[in-house]
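Asks: turn this into a structure:
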Amino acid sequence: MNQIEKETSEELQVWSDMDCDSIDFDVLEETLESELEEQLSDLRDLEVDKEKIGNPDTIGETVMNVVWEQFINQVGVVAGEDFIKANRGLTLDLRDSAHIQTTENFAKGKIASHNDKIDYQERYDKWQAKLQHDENGNVVTHTTRTGKEEATLAPGARCAFDQGRPTGSAEKGTDMDHTVSAGEIIRDPEANAHLSEEEQIEFANSEANLNEMDASQNRSKGDKSMTDWLDNPNSKGQKPKEIFDISEEQEEQYREKDAEARAEYEKRKKEGEQRSIDTGKQSQREEAFRIGGKALRSVIMGLLASLIKDVIRKLISWFRSGQKNFETFIGSIKDALKSFISNLKTHLLNATNTLITTIATAIFGPVIGVIKKAWIFLKQGYKSIKEAVKFLLDPQNKNMPLSIKLMKVGKIVVAGLAAGGSIVLSEIIEKGLMAIPVFAIQIPLLGSLASLIGMFLGALISGLIGALALNLIDRAVAKRLRKENAQQQIDKKNEIIQKQGEVMDVTVARTANTKLRVAKDIAERHQQAGNKFNEHMDKIADNQEQSDLLHKQNNAQLDDLFNKLENNQ
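Replies: A predicted model of the protein is given here:
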């Protein structure tokens, strides 16, 4: 028996003593390979951690992300500010009350200032200038003979209505009376809200409203409506009909003229009110389109900025690589595009954030930019604290020396402070540069030159300070961490070698088990063949005895036959 046969015989003997049929080698091998892959992954993580020890790239990435978030935020803020400038300095307000002037709101001094077709503020100011006010700014009122309380007109309020008004006849002793008086028109908030001063005067002096009447009657009527004048007696209890001997026919004509004039007056006011509604709706639509255009541009700018960010990252990697040629450059650009598309969901969320910032700035003004910067600062601080707590609570860091734990936490805090400090420094630098006219120049969609320079200089200075602080910390712990990392890698490699040995043992066991099964199968087949052979040999032996007996019988019969033949002869 040679050496190989001897080893095989020994393996078969060992595995023949074991119950190998109960072992699922496929499952066992798959489990061991999975554990081996996990250990290899841990080893790769250790190698990555080793590269990060003392490497300031981590803080650079943190600061860059914060700066980029500021930049995206500024895009939205600038778009919102551009909208306000294009909206005549008004913030976004699409409510009906901001565009459609109602009589009720006009009377209360609530002006539809967003309607850029009609200057309701000017109308309101002119209206109030025709009314007397007390020292507190309240309109002065008085009670008429009929018991009505009405606003007291300022001196000269009627002058514009009297200029160019046709006069009556001195020969006849008549005046041209305003059927709907100038005083009534001046006091009417509906007329002043929906009709310009020119339109009010044009109606007042129109044929529909002018009425030639006796001069004494006109002076008696004053600012009262025709109905109030005719129906209310004086202090002596006498009505105009009695005082001026007005005939029934004349009174009827006065009343008809008053009704006609008032019908025309109401018609013109309703037409003016409809103009207020129509121009308000038009102004509302235009403002909606205006903010829509600004918001869309900010979203596109935000997506473009995200794409540029991916391109810059890939180009930095390209510059660091050893192969710098046109082919690898194009490859880096393609990788940037693939990265942008693969992270499109995140970019769309950032674009949505830019859209919200634009609209919020358009509604509340530039204060939103300050609030969002403060939010970024607070968010980064919270993130740093969260990462520090997570690091301390991580079971894997349980056995780490306290000094290293504190230094690791210090690195996390420094990274957060550097990112937050970039925001503060950018504000300081921006304010300093804004004092220089050339840096106050506004760049479309990006803001002032001072803001951009301040943002990136603030990030650069803060990042450098943070990197120096990290290097000081790393100098204290880097050597120890590298030593521990190297030992961890050695231990992990030993575990991997051990696990690989276990995998090999399973492979050997599987092979030995296969040999054993094959040997058993061969022995069983040999045993079965031997049994079959013996069975056949027994059958052959039995058949031989029977054949010999038959031969004997046949021979005896032949002998008897030959004897009989001889006897017969």
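Asks: measure A259 to K239 for me?
Replies: 19 Å (Cβ to Cβ, to the nearest Å). C-beta coordinates here come from the backbone N, C-alpha and C atoms, glycine included.
Asks: let me fix that: N209
Replies: In terms of Cβ to Cβ, N209 sits 24 Å off from K239.
Asks: wait, doesn't D258 sit right on D177?
Replies: No - contact criterion Cβ atoms under 8 Å: D258 and D177 do not qualify, at 10.4 Å.
Asks: these two: who's more crowded?
Replies: D177 (23 against 20; other Cβ atoms under 10 Å).
Asks: in three-state terms, label the more buried one for me.
Replies: strand (DSSP: H, G, I helix; E, B strand; the rest coil).
Asks: tell me which residues form a beta bridge with it?
Replies: Judged by DSSP bridges, the bridge partners of D177 are N211.
Asks: who's in contact with it?
Replies: L210, N211, E212, M213, N218, K221 (Cβ atoms under 8 Å, 6 or more residues apart in numbering).
Asks: kindly indicate which of those residues lies nearest A435.
Replies: L210 (63.9 Å; Cβ to Cβ).
Asks: disregarding residues adjacent in the polypeptide, which is nearest to the closest one?
Replies: M176 (5.1 Å; Cβ to Cβ, 6 or more residues apart in numbering).
Asks: if I look at that neighbour, how far off is M226?
Replies: Distance from M176 to M226, by Cβ to Cβ: 14 Å.
Asks: these two: who's more crowded?
Replies: Counted by other Cβ under 10 Å, M176 and M226 do not tie: M226 has more neighbours, with 24 against 16.
Asks: tell me if I'm right that the more buried one and K257 touch.
Replies: Yes - between M226 and K257 there is a contact at 7.2 Å, judged by Cβ under 8 Å.
Asks: can you check which residues contact both of the two?
Replies: T179.
Asks: pLDDT at I243, what is it?
Replies: Here, the pLDDT recorded for I243 equals 87.
Asks: so what's it up against?
Replies: S220, N234.
Asks: for the residue nearest to L210, list the residues it contacts.
Replies: Contacts of M176 (Cβ under 8 Å, 6+ apart): R165, P166, T167, G168, L210, N211, E212.
Asks: where's the third one relative to D177, distance?
Replies: So the one you mean is T167. 11 Å.
Asks: also the second one?
Replies: Note on P166: its distance to D177, by Cβ to Cβ, is 11 Å.
Asks: neighbours of I330, how many?
Replies: 10.
Asks: does S196 really touch R123, like I thought?
Replies: Yes - in this structure, S196 is within contact of R123 by Cβ under 8 Å, at 7.0 Å.
Asks: who has more neighbours, the two?
Replies: Legend: neighbour count by other Cβ under 10 Å for S196 and R123, higher for R123 (19 against 15).
Asks: shaky segments in the stretch 1-150 of the chain?
Replies: Scanning the stretch 1-150 of the chain for pLDDT under 70 picks out 1-29, 32, 35-36, 39-73.
Asks: could you rerun that using 90?
Replies: For the stretch 1-150 of the chain, the stretches flagged by pLDDT under 90 are 1-86, 88, 143-148.
Asks: so which helix or strand of the protein has the lowest pLDDT on average?
Replies: The helix or strand of the chain with the lowest confidence, counting by mean pLDDT, DSSP states H and E, is helix 3-16 at a mean of 52.
Asks: just the pLDDT at K267, thanks.
Replies: pLDDT recorded at K267 is 96.
Asks: which SSE is it in?
Replies: Using DSSP states H and E, K267 falls within helix 248-320.
Asks: specify the next element, helix or strand, located C-terminal of that helix.
Replies: helix 326-342.
Asks: would you mark the buried spots in that next one?
Replies: By neighbour count with 16 or more other Cβ atoms under 10 Å, helix 326-342 contains the buried residues S332, D335, A336, S339, F340.
Asks: what is the subsequent helix or strand relative to it?
Replies: helix 344-364.
Asks: now stretch 88-99: buried residues?
Replies: Applying 16+ other Cβ under 10 Å to stretch 88-99 flags L90, L92, D93, A98, H99 as buried.
Asks: which stretches of the protein form strands?
Replies: For the chain, the strands defined by DSSP state E cover 141-143, 149-151, 174-178, 210-214, 442-443, 447-448.
Asks: so which of these gets nearest E286?
Replies: Proximity to E286 (Cβ to Cβ) singles out strand 442-443 among those, at 23.5 Å.
Asks: and the residue nearest to L210, how far from S342?
Replies: Counting by Cβ to Cβ, the separation of M176 from S342 is 83 Å.
Asks: now swap in R285 and tell me
Replies: Counting by Cβ to Cβ, the gap from R285 to S342 is 39 Å.
Asks: can you give me the helices in the stretch 1-150 of the chain?
Replies: Ranges of helices in the stretch 1-150 of the chain, per DSSP state H, counting those that start in this stretch, are 3-16, 25-52, 57-86, 96-99, 103-107, 120-129.
Asks: helices or strands up against the last one?
Replies: The one in question is helix 120-129. With contacts taken as 3 or more Cβ pairs under 8 Å, 6 or more residues apart in numbering; DSSP states H and E, helix 120-129 sits against helix 103-107, helix 189-194.
Asks: for the last one, what is the average pLDDT?
Replies: Predicted confidence along helix 189-194 averages 96 (mean pLDDT).
Asks: residues in contact with that helix: which ones?
Replies: 101-103, 106-107, 120, 123-124, 126-127, 185-186, 200, 265, 269, 272-273, 275-276.
Asks: alpha carbons of that helix, as CSV, please.
Replies: Extracted C-alpha coordinates of helix 189-194, given in CSV (Å, rounded to 0.1, in the frame of the first residue of the first chain):
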residue,chain,number,x,y,z
PRO,A,189,-66.1,106.0,-0.1
GLU,A,190,-67.5,104.0,-3.0
ALA,A,191,-67.1,106.8,-5.5
ASN,A,192,-63.6,107.6,-4.2
ALA,A,193,-62.5,104.0,-4.3
HIS,A,194,-63.7,103.1,-7.8
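Asks: lovely, talk soon.
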